[in-house]
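Asker: Sequence and predicted structure, then a few things I'm wondering about:
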Amino acid sequence: MTYYNKLSEVSYNPKVRAWRFRVEIHRIYRFYSYVTNSGPFYTYVLEDEDGSKMEMTVYGDYDRFRGLENEEGSWVEIFLVEVESSYPGFQATNSRFKLTAKRDTQVRIIDPLNNRFFMDFKNIHAISHMSHREQNYPIDTMGVVFNTEAHFDDPARPRMVFYIRDNIDSQIKCVATGEQAYAFRDGLENMRGGQVIVDLKMWRVWNKTFTKIIYIYTYYFGPPDLWLETECGISDFRFNPRLSEVVDFRQSLLNSDPYVHKYGVEDLV
């Protein structure tokens, strides 16, 4: 189960944006800016499971929020949102703080009833074709772990490097850093036998393109070096979670295996 912050836990720190909320859109207000003569913009009154309420304002015409103004009463999952102090004046809640959505804020409509580990999966083979804009947002993906490298010599910069592949043999390097590095190492050691399917939630795509500068011209050479890495403390992972997507993925692995086609093996060993 994913850990979510409570609205009552929010505190103001401009350097911290690693909040994650699961809230209901209690009410929606539309407003216009008479200073810039622009809009409409929207303020969402959010309520979590404990009954705490807080406002979130979206000032930009961001694609991921388009249509959300029609989802009053829906439950959403929100990542990467800024916290600000409330100003005197009319407020729909009595909270000391308010939220402000930015261009990279993540919001997804979810079903709160089954308390499932919600993920929006990106195929591994599609990551190399993602646009530069898409790579600026954390993504979810899954794959079979087939190689690991532990780097714990420097206590200040622990890293757990591992590789995952999908059902068509596309693969990608992944790097867990900080506390996630130790958690991945310990979690993998506790898995007993068989292939391990790992689900990565909100991991950053890193693109290292080698460059050569001659005078005022920049030349790019070699294919982009892509990998996934934990980011801002909001990244998460699970081993073999009980999700329908994982069941489908496991079955697709079986269906794509030539040995399975020949001998009719029914499950992964």
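Answerer: Looks like it arrived, so ask away.
Asker: ok, and the helix or strand in this structure with the lowest average confidence?
Answerer: strand 217-220 (a mean of 40; mean pLDDT, DSSP states H and E).
Asker: Give me the sheet partners of the helix or strand following that one and which way each runs.
Answerer: Where DSSP states H and E defines the elements, the next helix or strand beyond strand 217-220 is strand 225-229. When sheet partners are counted by DSSP bridges, strand 225-229 sits next to strand 171-177 (parallel), strand 197-208 (antiparallel).
Asker: Kindly present those strands as CSV, with separate columns for mean pLDDT, distance to Tyr3 and mean neighbour count.
Answerer: Placement of C-beta: from N, CA and C, glycine included. Output for those, formatted as CSV (pLDDT from 0 to 100; distance: least, Cβ to Cβ, whole Å; neighbours: other Cβ atoms under 10 Å):
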stretch, mean pLDDT, distance to Tyr3, mean neighbour count
strand 171-177, 93, 17, 19
strand 197-208, 86, 11, 20
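Asker: Please name whichever of those strands is nearest to Gln106.
Answerer: Ranking the strands paired with strand 225-229 by proximity to Gln106 (Cβ to Cβ) places strand 197-208 first, at 7.3 Å.
Asker: May I have the phi/psi pair for Leu68?
Answerer: phi -70, psi -20 (degrees, to the nearest 10).
Asker: The closest residue to it other than its chain neighbours: helix or strand, and which one exactly?
Answerer: Excluding the flanking residues, the one nearest Leu68 by Cβ to Cβ, 6 or more residues apart in numbering is Val107, at 6.7 Å. Using DSSP H and E, Val107 maps to strand 97-110.
Asker: number of nearby residues for Gly67?
Answerer: Using other Cβ atoms under 10 Å, Gly67 is surrounded by 9 other residues.
Asker: so what's Leu68 up against?
Answerer: The contact partners of Leu68, taken as Cβ atoms under 8 Å, 6 or more residues apart in numbering, are Ile25, Tyr42, Tyr44, Val76, Val107, Ile109.
Asker: From Asn147, how far off is the last one?
Answerer: Spelled out, that is Ile109. The gap separating Ile109 from Asn147 is 36 Å, by Cβ to Cβ, to the nearest Å.
Asker: Tell me where this structure is predicted with low confidence.
Answerer: The model of the chain has pLDDT under 70 over residues 1-2, 88-92, 114-118, 133, 208-224, 231-233, 256-269.
Asker: for the top helix by length along it, packing partners?
Answerer: Among the segments of the chain that qualify as a helix by DSSP state H, the longest is helix 244-256. If contacts are counted by 3 or more Cβ pairs under 8 Å, 6 or more residues apart in numbering; DSSP states H and E, helix 244-256 sits against strand 139-151, strand 197-208.
Asker: can you give me the angle it makes with strand 139-151?
Answerer: Interaxial angle, helix 244-256 versus strand 139-151 (axes from the mean of the first three to the mean of the last three Cα atoms, to 10 degrees): 70 degrees.
Asker: I'd like the C-alpha coordinates of helix 244-256 written as CSV, please.
Answerer: Extracted C-alpha coordinates of helix 244-256, given in CSV (Å, rounded to 0.1, in the frame of the first residue of the first chain):
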residue,chain,number,x,y,z
SER,A,244,-4.1,-7.1,-12.0
GLU,A,245,-1.4,-5.4,-14.1
VAL,A,246,1.3,-7.7,-12.6
VAL,A,247,-0.8,-10.8,-13.2
ASP,A,248,-1.2,-9.8,-16.9
PHE,A,249,2.5,-9.0,-17.1
ARG,A,250,3.5,-12.3,-15.6
GLN,A,251,1.2,-14.1,-18.1
SER,A,252,2.7,-12.2,-21.0
LEU,A,253,6.1,-13.3,-19.9
LEU,A,254,4.9,-16.9,-20.0
ASN,A,255,3.3,-16.5,-23.4
SER,A,256,6.5,-14.9,-24.9
